[in-house]
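Chemist: Mind looking at a prediction? Sequence and model below.
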Amino acid sequence: MASLGLRQYADGSGDRFDHRRTGLDHLAIEVGSADELPEWERRFKEQQVTYDPAQQTPFGHVLNFKDPDGIALEFSMRSADSS
């Protein structure tokens, strides 16, 4: 099963979406288990990837990182009560 999460910011600019505008905030990729996140952290450290340590949030476990262009990405494992 795949899922896609969308977020709208209350203080956003209100501009209409334009597919020609560069940018993405952010893409979350679900992992099979929160136990995978420490291994990703190890790999990121080895490859000098910018990341924030994995953390528990109201939505589940998340590991935030950036692609080479600085676009925010996330590995996540939803908590049972956030389904």
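Modeler: Yep, it's here.
Chemist: residue ranges with poor pLDDT in this structure?
Modeler: Counting by pLDDT under 70, the ranges of the chain that qualify are 1-6, 17, 19, 23-25, 69, 81-83.
Chemist: got the contact list for the residue nearest the centre of it?
Modeler: Nearest to the mean C-alpha position of the chain, by Cα atoms, centre = their mean, lies Glu74 at 2.0 Å. Glu74 makes contact with 26-29, 62-65 under the criterion Cβ atoms under 8 Å, 6 or more residues apart in numbering. The C-beta positions use only the backbone N, C-alpha and C, and glycine is treated the same way.
Chemist: Filter the residues you listed down to the buried ones.
Modeler: With burial judged by 16 or more other Cβ atoms under 10 Å, the buried subset of these is 28, 62-65.
Chemist: now, which of those lie within helices?
Modeler: The members of the buried ones among the contacts of Glu74 all map outside helices under DSSP state H.
Chemist: Now do the SS call for the residue nearest to the centre of the chain.
Modeler: strand (DSSP: H, G, I helix; E, B strand; the rest coil).
Chemist: sorry, back to before: sort out which one of the contacts of Glu74 lies nearest Val49 for me.
Modeler: Nearest to Val49 out of the contacts of Glu74 is Phe65 (Cβ to Cβ; 5.6 Å).
Chemist: who's that closest one bridged to?
Modeler: Tyr51, Leu73 (DSSP bridges).
Chemist: tell me the contacts of it?
Modeler: Applying Cβ under 8 Å, 6+ apart to Phe65 gives the contacts 44, 49-52, 72-75.
Chemist: out of those residues, which one sits closest to Arg16?
Modeler: Relative to Arg16, and with distances defined as Cβ to Cβ, the nearest of the contacts of Phe65 is Ala72, at 21.6 Å.
Chemist: pretty sure the closest one is in contact with Asn64, am I right?
Modeler: Yes: Ala72 is within contact range of Asn64, at 6.5 Å (criterion: Cβ atoms under 8 Å).
Chemist: Val62 and Ser33, how far apart?
Modeler: 13 Å (Cβ to Cβ, to the nearest Å).
Chemist: cool, and Asp11?
Modeler: 35 Å.
Chemist: Between these two, tell me which one has more neighbours.
Modeler: Each of Asp11 and Ser33 had its neighbours counted (other Cβ atoms under 10 Å), and the higher figure belongs to Ser33 (8 against 5).
Chemist: All good on my end, thank you.
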